[in-house]
Structure formats: structure tokens, C-alpha cells
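Undergrad: the amino acid sequence is not available; the structure is as follows:
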């Protein structure tokens with residue numbers, strides 16, 4: 001069996017996934033996993049602010065998450081890593097470095113980049129994927145990439161879930177993200193979860209919401225580092241989605257990283 005890793009795994013603590021870390025680890029073991037990383041949606045210290053507390057663990061729940069990942073690590077024959085998936089807002093940089101990494105011991109952080117800041121709000125980009133918002137979103141995403149905090153950028157083409165069309169605007173925005181990833185030597189992710197979702201109808205035919213084919217055709221022509229992850233929200237997806245992501249990458253001749261060890 002070929003080796004397979006997954007560094008994008010959620011748990012029931014985010015309130016929109018199923019299962020505990022041990023459930024994912026046991027399924028990963030059955031599926032031939034060689035390294036597993038947990039990167040559930042991180043908590044934020046000011047939950048009264050617009051940081052989407054309904055889709056993430058609380059600060060009070062975080063020690064439980066850490067303990068559950070530790071228990072999985074102790075029982076698995078392959079490496080198990082503790083991480084978090086985060087959003088970019090520069091106000092929280094010290095929270096990521098001092099608390100998530102320092103206090104809670106996270107071994108890596110993922111830039112999820114689901115939102116962009118709009119005044120006092122954090123808005124979900126697929127629901128605001130109008131031309132006037134895209135440049136702001138991309139600028140904020142690239143700022144996060146440049147922060148030095150994150151091990152990789154998850155689903156770099158997420159906004160295509162709402163924008164849908166491959167036009168000058170989307171191509172320019174995704175090229176900016178791609179160029180930044182190359183310049184920073186920061187891996188970008190082929191996201192297996194997107195491959196399981198209902199495709200969008202576009203002027204070019206049916207397309208996955210993400211990963212978006214035309215973007216990955218463009219990525220294949222560069223030296224960008226690529227990793228293939230599951231974005232698992234159910235134990236049965238933990239390795240299955242990673243294989244789907246690798247199959248998708250292979251369509252474009254993309255060879256993902258042989259391993260991804262963020263230590």
C-alpha cells in the first residue's frame with residue numbers, strides 16, 4: 001500500500017463534524033495512514049466578537065481537544081500531530097503564536113482563510129464572492145500567508161465556491177495567491193472535501209466548487225509546493241478524501257509533497 005498522510009482533520013468540537021480524535025485515528029490506521037494531523041477550527045479569546053463561535057471549539061474546550069489528540073498519538077503507530085485551522089486577522093497574531101502554539105502546544109497552524117474583515121464583521125467569502133470583495137479577501141489572505149505563522153494555506157480556491165466563473169477577476173486573484181505561495185515557499189492544499197460536494201454549473205460546464213480545475217492547471221505550471229489533504233469532518237473521510245485529492249492533483253501532473261512534517 002502506498003503511503004498517505006492527512007494534515008487537515010476536524011472533530012466534533014467544531015460543532016459541524018462527527019467523531020473524536022480517536023475515531024479518526026483508528027479509521028486512519030485501518031486505511032494505511034502514515035501521518036495524521038488534527039487541525040480543528042481554533043478558539044478565539046473574545047467570543048463575543050464576530051469570530052464565528054458556533055463553528056469552533058471554545059477556549060474552555062481546548063484542553064479537552066489537546067488531551068484527546070494526545071491520547072490518539074499515544075496509541076497510534078504513526079505520528080499524530082496537534083494543530084489548529086485559523087483565520088487571518090492581525091489582531092490575533094499573538095493569540096496564535098503565544099497561546100495556540102505556546103500555551104496549548106500546537107505543532108502547526110493552518111491558514112483556512114474563510115473570511116475577510118468588513119468593519120467589525122468577518123464575512124464568509126463564498127457568500128460574498130462579488131468582484132468588489134475579492135481583492136480585499138485576497139489581500140487579507142496574502143497578508144496571512146506572509147505572517148510566518150502558518151504551515152500551509154488550505155483550499156486556496158475556496159472563493160470559487162461562490163464566485164464560480166473563471167474570468168479575468170478570478171484568474172487575477174488566484175494568480176496573486178499562487179505567486180505569493182511560490183515566493184514564500186508556502187504549500188497550498190488540494191482539498192479533498194471539496195471534491196465530495198455538489199459541483200457548480202458554470203459557463204465552462206460543471207466544475208467542482210473547489211478545487212477548481214483551471215486554477216490547478218495554472219498551478220501545475222509553477223514550482224508551488226502542493227499538499228493533498230482530506231479536510232475530514234467524518235472519520236470515514238479521513239484518508240479517503242486525501243486519496244481523492246491526490247487523484248485530482250494527478251490529473252494535472254502535480255506531484256504533492258511526499259510527506260508533510262511541520263516540526
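TA: Structure received. No experiment lies behind these values; they were computed from the predicted model shown.

Undergrad: number of residues surrounding residue 119?
TA: Counted with other Cβ atoms under 10 Å, the neighbours of residue 119 add up to 7. Every C-beta, even on glycine, is put in place using the N, C-alpha and C of the backbone.

Undergrad: and it, what pLDDT?
TA: At residue 119, the predicted lDDT confidence score is 81.

Undergrad: now it: how far from residue 50?
TA: 9 Å (Cβ to Cβ, to the nearest Å).

Undergrad: which non-adjacent residue is nearest residue 214?
TA: Distance criterion Cβ to Cβ, 6 or more residues apart in numbering; nearest residue to residue 214, sequence neighbours excluded, is residue 166 at 4.5 Å.

Undergrad: cool, residue 185 as well?
TA: Leaving aside its chain neighbours, residue 185 sits nearest to residue 225 (6.6 Å; criterion: Cβ to Cβ, 6+ apart).

Undergrad: does that neighbour touch residue 183 like I think?
TA: No: taking contacts as Cβ atoms under 8 Å, residue 225 lies outside contact range of residue 183: 11.8 Å.

Undergrad: of these two, which one has the most company?
TA: More neighbours surround residue 225 than the other of residue 225 and residue 183, with 16 against 12 (other Cβ under 10 Å).

Undergrad: distance check, that one against residue 128.
TA: Relative to residue 128, and taking Cβ to Cβ, residue 225 is found at 29 Å.

Undergrad: now the strands for the stretch 1-150 of the chain?
TA: Using DSSP state E, counting those that start in this stretch, the strands of the stretch 1-150 of the chain run over 4-6, 33-41, 80-86, 108-111, 115-118, 121-124.

Undergrad: check the offset of the longest one from the chain's centre.
TA: Taking the mean C-alpha point of strand 33-41 and that of its whole chain, the gap between them comes to 11 Å (Cα atoms, centre = their mean, to the nearest Å).

Undergrad: tell me the strands beside it, with direction?
TA: Taking DSSP bridges as the criterion, strand 33-41 forms sheet pairs with strand 4-6 (parallel), strand 80-86 (parallel).

Undergrad: one more: the fifth one?
TA: Partners of strand 115-118 in the sheet, by DSSP bridges, are strand 121-124 (antiparallel).
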